[in-house]
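# Generate coordinates for the sequence data below:
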Amino acid sequence: MEADGAPRRSRRGWLLAILAFFGVAGLTVLLLALLGNIFERKQEARQPFVRVVEITEDTLDPKVWGQNWPYEYDSYLKTALPTTTKYGGRGLGASDAGPAAQKLDREPWLKRIFAGYAFSIDYRDRRGHAFALFDQEQTRRVTERQQPGACIQCHASNLSLYRFAGQGDVMKGFEIVSGMPYQAARDMKDDKGQPLVQHSIACADCHDPKTMGLRVTRPGFINGIKALKAKQGVTDYDPNRDASRQEMRAFVCGQCHVEYYFKGAGKVVTYPWANGLRVEEIEAYYDKEGFSDWTHAETGDKVLKAQHPEFEVWNQGIHARAGVVCADCHMPYQRVGALKVSDHWVRSPLLNINRACQPCHAVPEGELAGRVLTIQDRHYELLERSAKATTDMLDALVAARKAGASEEALKKAAALHRRAQWRLDFVAAENSMGFHAPQEMARILGEAIDFARQGQLEAERAQRAKETPAR
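Residues are numbered from 1 along each chain as shown. Here you go, the predicted model:
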């Protein structure tokens, strides 16, 4: 028995030794592969991009930049894709080749409050950065109404245009282009006959071509933030020199997503921030300047049109106070291999809750989405009530004028019309449906309703006074 068992034990020993050898060998291969992968990822992290082509200040085509920064470029291209949320996005019915959906069809009160102004004939849903220049060129506000070259400041990569027009001086060129007719500015060519405006919002607008560092390029913002900082006691402020990196991650968005107006005969794009960023501070600035966007066609009152004051509203909200900026939510980081890349598919955080919201909020996606929609639903209801109050005021003003009430009798009502209109539009034009600063937006809409109802009462008093026979 012992003689027969020895060979069996020997064979088992050899088998175990062979298995152990191959096990160790396999483990060694796996460890080497892991170490190789770690080494590759570390190398990737040390060299986040390869400069395949040389980029200069005059390289405005994002496709060229994309050869050096392919991950960012690939996500940037997605801004041409349709995105829709309950209260935002391109809107149903929009196509890539045609214009976005018409807001005037969905919200007919917009036609009333903008009567006599270009926004009463065409007011489209917003969509991705890839469409910024296309949508501007297609809107009836440009094709049917005369507009200045100032409009190009935020809808195109325009540094070469400003540099050429100003003979090397971007600020000077900005002022010259602002005062030109839109189409003349849009069609301007360089000395070689090449168009100076070819691309929508792109890489050069926010990045230094040498360092890829963030920068502000819109002259209107540079002047506006300088005026705001001066009010706060900071003199000679330059955002490209003095702002922190986190501030720049808000400024590069805020350089366009703001309230502005075209100042003077030169139509220079101006951000009205000398008094501050709140709605009443901007209103006070316009009142002091004696500025009105247009005369309302129904009432004859001089009123204001808000643009898209996301930067001003965000500054009043909880995220701004917590140090959370635009890029944190709309361009959240993503992992590509060992690289940490900012997602350039700029879109609503509701479409990307995992990366946009959950890094800070340890809450299920469904609950976070529910919180946002609750805020937006309540805000929309208040917005509609404000619109109803404003159109009721317009009805009363029209009736009073029809009854023969004088300008003097309607002077107070006209002032209230201006104040109500401004607040309603400041909120309606802002693209977060109240989410950027819910309490501030509710305050503004509350004032809009109050001023509109006061204006309605003043107009009704003026009408009764005109219709009541003197005794």
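# Show the contacting residues for the spatially most central residue of the chain.
Nearest residue to the geometric centre of the chain (C-alpha atoms, centre = their mean): residue 257, 4.1 Å. Contact analysis of residue 257 by C-beta atoms under 8 Å, 6 or more residues apart in numbering lists 308-311, 326, 431. C-beta here means a position set from N, CA and C on the backbone, and glycine is covered the same way.
# quick one: which of those sit in helices?
Cross-referencing the contacts of residue 257 against helices under DSSP state H gives 310-311, 326.
# For the nearest residue to residue 77 once chain neighbours are set aside, give me its contacts.
Of all residues not flanking residue 77 in the chain, residue 130 sits nearest, at 7.4 Å (C-beta to C-beta, 6 or more residues apart in numbering). Residues near residue 130 by C-beta under 8 Å, 6+ apart: 76-77, 79-80, 200.
# quick one: secondary structure of the residue nearest to the centre of the chain?
Three-state assignment for residue 257 (DSSP: H, G, I helix; E, B strand; the rest coil): coil.
# show me what contacts the closest residue to it other than its chain neighbours?
Setting aside the residues directly before and after it, residue 257 is nearest to residue 310 in space (C-beta to C-beta, 6+ apart), at 4.0 Å. By C-beta under 8 Å, 6+ apart, residue 310 lies in contact with 253-254, 257-258, 326, 430-432, 436.
# again with residue 386
Residues in contact with residue 386 (C-beta under 8 Å, 6+ apart) are 423-424, 427, 445, 448-449, 452.
# Can you name the element that comes right after the strand or helix carrying it?
Assigned by DSSP states H and E, residue 386 belongs to helix 365-402. Going down the chain from helix 365-402, the next helix or strand is helix 411-428, by DSSP H and E.
# Output that following helix as CSV, restricted to C-alpha atoms.
Provided in CSV are the C-alpha atoms of helix 411-428 (Å, rounded to 0.1, in the frame of the first residue of the first chain):
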residue,chain,number,x,y,z
LYS,A,411,-48.1,110.0,-15.7
LYS,A,412,-48.1,107.9,-12.5
ALA,A,413,-49.7,104.9,-14.3
ALA,A,414,-47.0,105.2,-17.0
ALA,A,415,-44.2,105.1,-14.4
LEU,A,416,-45.8,102.0,-12.8
HIS,A,417,-46.1,100.4,-16.3
ARG,A,418,-42.3,100.8,-16.8
ARG,A,419,-41.5,99.4,-13.3
ALA,A,420,-43.9,96.4,-13.7
GLN,A,421,-42.8,95.6,-17.2
TRP,A,422,-39.1,95.7,-16.3
ARG,A,423,-39.5,93.3,-13.4
LEU,A,424,-41.7,90.8,-15.3
ASP,A,425,-39.4,90.7,-18.3
PHE,A,426,-36.2,90.6,-16.1
VAL,A,427,-37.6,87.3,-14.7
ALA,A,428,-39.1,85.9,-17.9
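# buried stuff in the helix holding residue 386?
368-369, 372-373, 375-376, 379, 382-383, 386-387, 389-391, 393-394, 396-398, 400-401 (16 or more other C-beta atoms under 10 Å).
# Could you tell me the angle between it and helix 411-428?
160 degrees (axes from the mean of the first three to the mean of the last three C-alpha atoms, to 10 degrees).
# Quick one: distance of helix 365-402 to the chain centre.
Counting by C-alpha atoms, centre = their mean, to the nearest Å, helix 365-402 is centred 22 Å from the centre of its parent chain.
# Quick check: mean pLDDT of that helix?
For helix 365-402, mean pLDDT rounds to 97.
# And for stretch 152-165?
Stretch 152-165 carries an average pLDDT of 94.
# now swap in stretch 179-197 and tell me
Across stretch 179-197, pLDDT averages out at 95.
# for that stretch, how far is the first residue from the last?
16 Å (C-alpha to C-alpha, to the nearest Å).
# does residue 81 really touch residue 127, like I thought?
No: under the criterion of C-beta atoms under 8 Å, residue 81 makes no contact with residue 127, lying 9.5 Å away.
# higher neighbour count, the two?
Neighbours were counted for residue 81 and for residue 127 using other C-beta atoms under 10 Å; residue 127 has more, 26 against 13.
# The more buried one is in contact with residue 99, isn't it?
No: the criterion here is C-beta under 8 Å, and residue 127 misses it with residue 99 at 9.6 Å.
# Need the overlap of contacts for those two.
Common neighbours of residue 127 and residue 99 (C-beta under 8 Å, 6+ apart) are residue 135.
# Flag the helix or strand of the chain with the lowest per-element mean pLDDT.
helix 2-46 (a mean of 66; mean pLDDT, DSSP states H and E).
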